[in-house]
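Colleague: need coordinates for the following:
(2 chains)
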2 protein chains.
Amino acid sequence: MRVFVPFDARDPKTRLAPVLDDDERAAVARAMRRDVLDALAETSHDPVVLATESVDADVPVTVDASPLTEAVNDALAGVDGPAAVVMADLALATPAALDRLFAPDADVVLAPGLGGGTNALVARHPDFRVDYHGVSYRDHREAAAAVGADVATVDSFRLAVDVDDPADLAEVLIHTDGHTAAALREAGVELAVDEGRVAVSRSGENGA
Amino acid sequence: MRVFVPFDARDPKTRLAPVLDDDERAAVARAMRRDVLDALAETSHDPVVLATESVDADVPVTVDASPLTEAVNDALAGVDGPAAVVMADLALATPAALDRLFAPDADVVLAPGLGGGTNALVARHPDFRVDYHGVSYRDHREAAAAVGADVATVDSFRLAVDVDDPADLAEVLIHTDGHTAAALREAGVELAVDEGRVAVSRSGENGA
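Modeller: All right, here's what the predicted structure looks like:
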């Protein structure tokens, strides 16, 4: 099926500013998009990047400068049949995790993100529309019910982690070895392990 | 199989102190243990609480005041055959998620936690031992390899979320409706939704 991969090319990933400068954030955002597209390429589906401006990719790119919710709903409205939406910052996504998204035979399939977001979804019901504001996972369940669509949920750690905050970079370094991990290493980001939670540091900033 | 559920009864969940006082933290910790045991009760396995001091539970309780790693390794050493370890703060655990932990036919099965921890595991190899310090998920993979044990990983959001920090409480409120969610509501903790990440607040503290 058609899989839309929304990508915001304008000042991406601002919450990573404590760890990465502008150019590094852009490089990490590109690398995450590549990792997501690489994982999708090993499934039997057809990804399309839905970007706010023109970007380089090995798959078709649709440019739509609208806000995320509007751009995704316009994209869904233009598809006759099922479609999926997979965020471009799911750096931990694997073909196996994505196959679990596509597997359930439900009108709407949701992969919750940390913090109540919806990191990936499949829409097989023609009237289902998204709204990414607020606790979108909860809202999407209600939106599905409102149009009479049954809902399945995918319980996946790899799809639940979207990379927004510095703490999320630790997950990338622990669980992946793709373009994103390489971009982080290039920027000197490494795991910082102390007695508390695992975090990340820049090279030379952590004496441990 | 025997499933050990480690529980630290001494000043539990100190990182929740910004949101919950001592008594509330103790109540939430107890509620999480009950939710985990309730979920395990719907699997075909035999939970035992492995507690630092005597606690009330509907299942057997083994008291061991040793640090976590030592207590778990002593427990594993006392079992002839496979055994599992499921942390008592996995408030999002469901029978279905736990069944996925028990399903793989591997010597060692690991359910990674956020931040590099190991939230649940199955040990079928007699020489496998745990070490919960640092990035234990990575270390447990290496420890398994070192004793010639093959490893399977369970990709589960519900098993990846252990409740340590206030942000984790949002996941409980969004995705569960058990004893823990009830204890949080009792303490006046509710979702606080703004334009950024979903968080929690105490009643009356958030004007939004």
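
Colleague: just give the nearest non-adjacent residue to A:V130, would you?
Modeller: The shortest distance from A:V130 to any non-neighbouring residue, by CB to CB, 6 or more residues apart in numbering or on different chains, is to A:V72 (5.1 Å). Every residue, glycine included, has its C-beta placed from N, CA and C.

Colleague: any idea which element the one you found lies in?
Modeller: Element membership of A:V72 [criterion: DSSP states H and E] is helix A:68-77.

Colleague: which strands or helices does that helix pack on?
Modeller: When contacts are defined as 3 or more CB pairs under 8 Å, 6 or more residues apart in numbering or on different chains; DSSP states H and E, helix A:68-77 packs onto strand A:2-7, strand A:46-51, strand A:83-86.

Colleague: 10 Å - rerun?
Modeller: strand A:2-7, strand A:46-51, strand A:61-63, strand A:83-86, strand A:118-123 (3 or more CB pairs under 10 Å, 6 or more residues apart in numbering or on different chains; DSSP states H and E).

Colleague: got phi/psi on A:A143?
Modeller: The phi and psi values for A:A143, taken as degrees, to the nearest 10, are phi -60, psi -40.

Colleague: residues in contact with the residue nearest the centre of chain A?
Modeller: In chain A, the C-alpha nearest the mean C-alpha coordinate belongs to A:M87, at 2.7 Å (CA atoms, centre = their mean). By CB atoms under 10 Å, 6 or more residues apart in numbering or on different chains, A:M87 lies in contact with A:4-7, A:32-33, A:36, A:68, A:93, A:111, A:113, A:117-121, A:132, A:159, A:162-163.

Colleague: where does pLDDT dip in chain A?
Modeller: A:195-197, A:204-208 (pLDDT under 70).

Colleague: in it, where's the longest helix?
Modeller: Using DSSP state H to define each element, chain A has its longest helix at helix A:22-41.

Colleague: quick one, it and strand A:46-51 angle?
Modeller: Interaxial angle of helix A:22-41 relative to strand A:46-51 (axes from the mean of the first three to the mean of the last three CA atoms, to 10 degrees): 160 degrees.

Colleague: so how far is helix A:22-41 off the chain centroid?
Modeller: Offset of helix A:22-41 from its chain centre (CA atoms, centre = their mean, to the nearest Å): 10 Å.

Colleague: that helix and chain B, any residue contact?
Modeller: No. For a cut-off given as CB under 10 Å from any CB of the partner chain, helix A:22-41 has no contacts with chain B; the smallest distance is 12.8 Å.

Colleague: which other helices and strands does that helix contact?
Modeller: So helix A:22-41, by 3+ CB pairs under 10 Å, 6+ apart, packs with strand A:2-7, strand A:46-51, strand A:83-86, helix A:95-102, helix A:166-175, helix A:179-186.

Colleague: try 6 Å this time
Modeller: Contacts defined by 3 or more CB pairs under 6 Å, 6 or more residues apart in numbering or on different chains; DSSP states H and E place helix A:22-41 against helix A:179-186.

Colleague: and the helix it packs on, how far from the chain's centre?
Modeller: With CA atoms, centre = their mean, you get 17 Å for helix A:179-186.

Colleague: mind listing the strands the helix or strand following it pairs with, and their directions?
Modeller: Next in sequence after helix A:179-186, counting helices and strands by DSSP H and E, comes strand A:189-192. Using DSSP bridges, strand A:189-192 pairs in its sheet with strand A:199-202 (antiparallel).

Colleague: ok, residues contacting stretch A:130-143?
Modeller: Here stretch A:130-143 makes contact (CB atoms under 6 Å, 6 or more residues apart in numbering or on different chains) with A:L68, A:T69, A:V72, A:N73, A:L110, A:P112, A:G116, A:G117, A:T118, A:V151, B:V193, B:V198.

Colleague: need those residues in TSV (columns: distance to B:L98 and neighbour count).
Modeller: Listed next are the contacts of stretch A:130-143 as TSV, based on distance: CB to CB, whole Å; neighbours: other CB atoms under 10 Å in any protein chain shown:
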residue	distance to B:L98	neighbour count
A:L68	35	18
A:T69	35	15
A:V72	34	23
A:N73	37	16
A:L110	21	25
A:P112	18	28
A:G116	23	22
A:G117	25	21
A:T118	24	22
A:V151	22	19
B:V193	30	18
B:V198	26	22
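
Colleague: farthest pair within the residues you listed?
Modeller: Taking CB to CB as the measure, those reach their widest spread between A:N73 and B:V198, a distance of 21.6 Å.

Colleague: for A:V61, give its distance to B:A41.
Modeller: 50 Å (CB to CB, to the nearest Å).

Colleague: residues of chain A that sit close to chain B?
Modeller: Residues of chain A lying close to chain B (CB under 6 Å from any CB of the partner chain) are A:97, A:115-116, A:134-135, A:155-158, A:160, A:174, A:193, A:197-198.

Colleague: related to what we said a few turns ago, any chance of the contacts of stretch A:130-143 in JSON lines, with distance to B:D11 too?
Modeller: Listed next are the contacts of stretch A:130-143 as JSON lines, based on distance: CB to CB, whole Å:
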{"residue": "A:L68", "distance to B:D11": "43"}
{"residue": "A:T69", "distance to B:D11": "44"}
{"residue": "A:V72", "distance to B:D11": "46"}
{"residue": "A:N73", "distance to B:D11": "49"}
{"residue": "A:L110", "distance to B:D11": "37"}
{"residue": "A:P112", "distance to B:D11": "31"}
{"residue": "A:G116", "distance to B:D11": "29"}
{"residue": "A:G117", "distance to B:D11": "33"}
{"residue": "A:T118", "distance to B:D11": "37"}
{"residue": "A:V151", "distance to B:D11": "40"}
{"residue": "B:V193", "distance to B:D11": "31"}
{"residue": "B:V198", "distance to B:D11": "28"}
